[in-house]
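Colleague: sequence first, then the predicted structure:
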Amino acid sequence: DAKTTQPTSMDCAEGRAANLPCNHSTISGNEYVYWYRQIHSQGPQYIIHGLKNNETNEMASLIITEDRKSSTLILPHATLRDTAVYYCIVRVSFNAGGTSYGKLTFGQGTILTVHP
Amino acid sequence: AAGVIQSPRHLIKEKRETATLKCYPIPRHDTVYWYQQGPGQDPQFLISFYEKMQSDKGSIPDRFSAQQFSDYHSELNMSSLELGDSALYFCASSVGDPRKGYTFGSGTRLTVV
């Protein structure tokens, strides 16, 4: 799976948008971009994923550049409960011979701190 | 909605003992993944199972073994425990389609003393 690069930490004021960047310059055509977050000692939580189009759900928006070499996760109105480590992961997304290729490889994520 | 259930939540063992961690996936999920997260570390992939067969293997020590049973629950068996095995162990489950995100359990905190 392609490697990702994220800033080590970011701050955001409560109620403002949090924009978390991720570089994945070696991404392949069959790899999706996934975002997960982990609130202290809890299991990682799925946020959103996309291939090449921008995506939005009830939690966040994902903006992927046209060349797919980078993406941005947007939390539109950050709250204190959004303080967490955010992981950007690229992942092969097909089955070959009936075997799941679903492994997620966690690298160093971004520690997002939302302050009052 | 049903989530991934892990048991026990906390476990304390002495060195050289054995431990068994259990994972009950979301109903109709056929794939289970195990991760280990040491203090201050990122989750590290250990092993996964798809339709009761091992599908991928990561940095799992030879002292550890795992399997997925006919009801799709999975167990991680850890023998000859070492102090360095103290960590959070997460299980996640998904349907076989890896284009879909998967769901993690709340984890088992193993402390080896």
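Modeller: Looks like it came in fine. Residues are numbered from 1 along each chain as shown, chains lettered A, B, ... in the order given.
Colleague: for residue B:111, helix, strand, or coil?
Modeller: What DSSP: H, G, I helix; E, B strand; the rest coil gives for residue B:111 is strand.
Colleague: could you check how far the residue nearest to residue B:73 when sequence neighbours are not counted is from residue B:14?
Modeller: The spatial neighbour of residue B:73 that comes closest, neighbours along the chain excluded (CB to CB, 6 or more residues apart in numbering or on different chains), is residue B:24 at 4.8 Å. (C-beta placed from N, C-alpha, C; glycine too.) From residue B:24 across to residue B:14, the span is 27 Å (CB to CB, to the nearest Å).
Colleague: between these two, which is the more surrounded one?
Modeller: Higher neighbour count among residue B:24 and residue B:14: residue B:24, with 20 against 8, using other CB atoms under 10 Å in any protein chain shown.
Colleague: the more buried one contacts residue B:32, doesn't it?
Modeller: No. Checked against CB atoms under 8 Å, the pair residue B:24 and residue B:32 is beyond contact range at 9.4 Å.
Colleague: ok so residue A:114 is a strand residue?
Modeller: Yes. Assessed by three-state DSSP, residue A:114 belongs to a strand.
Colleague: show the pLDDT at it.
Modeller: pLDDT, residue A:114: 98.
Colleague: can you check residue B:50 too?
Modeller: pLDDT at residue B:50 comes out at 87.
Colleague: what bridges to the residue nearest the centre of chain A?
Modeller: Geometric centre of chain A, nearest residue: residue A:35, 2.5 Å, by CA atoms, centre = their mean. Assessed by DSSP bridges, residue A:35 has beta-bridge partners residue A:48, residue A:88.
Colleague: so it touches residue A:44, yeah?
Modeller: No. The criterion here is CB under 8 Å, and residue A:35 misses it with residue A:44 at 10.2 Å.
Colleague: identify the contacts common to the two.
Modeller: residue A:87 (CB atoms under 8 Å, 6 or more residues apart in numbering or on different chains).
Colleague: follow-up on the earlier one: contacts only, for the residue nearest to the centre of chain A.
Modeller: Residue A:35 neighbours (CB under 8 Å, 6+ apart): A:20, A:22, A:47, A:48, A:49, A:60, A:62, A:73, A:86, A:87, A:88, A:89.
Colleague: cool, and residue A:40?
Modeller: With CB under 8 Å, 6+ apart, residue A:40 has these contacts: residue A:84.
Colleague: wait, isn't residue B:47 in contact with residue B:54?
Modeller: Yes. With contact defined as CB under 8 Å, residue B:47 reaches residue B:54; the gap is 6.6 Å.
Colleague: more neighbours: which of the two?
Modeller: When neighbours are counted by other CB under 10 Å, residue B:47 and residue B:54 differ, and residue B:47 comes out ahead with 23 against 13.
Colleague: which helix or strand lies directly C-terminal to the host helix or strand of that one?
Modeller: Element membership for residue B:47 (DSSP states H and E) is strand B:44-50. Going down the chain from strand B:44-50, the next helix or strand is strand B:53-57, by DSSP H and E.
Colleague: which strands and helices sit next to that following strand?
Modeller: In terms of contacts (3 or more CB pairs under 8 Å, 6 or more residues apart in numbering or on different chains; DSSP states H and E), strand B:53-57 is packed against strand B:44-50.
Colleague: kindly export the strand it packs on (C-alpha atoms) in PDB.
Modeller: Output in PDB follows, covering the C-alpha atoms of strand B:44-50 (Å, rounded to 0.1, in the frame of the first residue of the first chain):
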ATOM      1  CA  GLN B  44       0.100  -2.500  14.000                       C
ATOM      2  CA  PHE B  45      -1.600  -5.200  11.900                       C
ATOM      3  CA  LEU B  46      -1.200  -8.700  13.200                       C
ATOM      4  CA  ILE B  47      -3.300 -11.100  11.200                       C
ATOM      5  CA  SER B  48      -6.600 -11.400   9.300                       C
ATOM      6  CA  PHE B  49      -9.200 -14.000   8.400                       C
ATOM      7  CA  TYR B  50     -11.600 -14.200   5.500                       C
END
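Colleague: that concludes my questions; thank you for your assistance.
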